[in-house]
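**Student:** here is a sequence with its predicted model. Questions after.
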Amino acid sequence: MLDSDAPMFFRRPFELYSTEGRLVGTYNNSLGDGPIRIVVPPGQYLIVSESHWARRTVRAEVENGRETVVSEELLEEAPLFSSFSSR
């Protein structure tokens with residue numbers, strides 16, 4: 001699933017979910033504090049990461065061939081993460 005041409009960058013460890021609540025992957029930077037680059041197919045995703053000692057969620061739209069960046073500021077202002085309910 002990591003074969004699209006649309007990269008995404010992150011600095012802190014994060015979990016990537018589909019909008020249906022399916023975990024796509026867990027990512028971290030084992031080499032330091034630099035951005036984490038992943039490649040995913042176009043679509044909408046939920047990024048879950050910790051900011052200010054709380055898990056927060058950012059919704060991101062990945063477009064084909066375009067870079068998507070989730071900034072620290074966006075994560076800091078994001079709503080708290082709530083687990084997905086099964087329907």
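**Tutor:** Received the coordinates, thanks.
**Student:** which parts of the chain are strands?
**Tutor:** 6-10, 14-18, 23-27, 36-40, 43-51, 54-62, 68-69 (DSSP state E).
**Student:** roughly how far out does the fourth one sit from the chain middle?
**Tutor:** It stands for strand 36-40. For strand 36-40, the gap between its own C-alpha mean and the chain's C-alpha mean amounts to 9 Å (CA atoms, centre = their mean, to the nearest Å).
**Student:** orientation of it relative to strand 23-27 in degrees?
**Tutor:** Going by axes from the mean of the first three to the mean of the last three CA atoms, to 10 degrees, strand 36-40 is angled at 160 degrees with respect to strand 23-27.
**Student:** what is strand 36-40 packed up against?
**Tutor:** strand 6-10, strand 14-18, strand 23-27 (3 or more CB pairs under 8 Å, 6 or more residues apart in numbering; DSSP states H and E). Any C-beta I mention is one placed from the backbone N, CA and C, and that applies to glycine too.
**Student:** out of the ones you listed, which gets the lowest mean score?
**Tutor:** Lowest mean pLDDT of the helices and strands packed on strand 36-40: strand 6-10, a mean of 53.
**Student:** so which residues make contact with stretch 73-80?
**Tutor:** Contacts to stretch 73-80, defined as CB atoms under 8 Å, 6 or more residues apart in numbering, come from residues 12, 47, 49, 51-52, 54-58.
**Student:** for the residue nearest the centre of the chain, which non-adjacent residue is spatially closest?
**Tutor:** Closest residue to the average C-alpha location of the chain: I47 at 3.0 Å, with CA atoms, centre = their mean. Nearest non-adjacent residue to I47, counting by CB to CB, 6 or more residues apart in numbering: V58, 4.6 Å away.
**Student:** tell me the contacts of the one you found?
**Tutor:** Contacts for V58 were tallied using CB under 8 Å, 6+ apart; they are 46-47, 49, 70, 74-75, 78.
**Student:** try 6 Å
**Tutor:** Residues in contact with V58 (CB atoms under 6 Å, 6 or more residues apart in numbering) are 47, 70, 74-75, 78.
**Student:** what's the answer for I47, then?
**Tutor:** 14, 58, 60, 70.
**Student:** follow-up on the earlier one: now the residue nearest to I47: how far from S30?
**Tutor:** When distance is defined by CB to CB, to the nearest Å, V58 is 22 Å away from S30.
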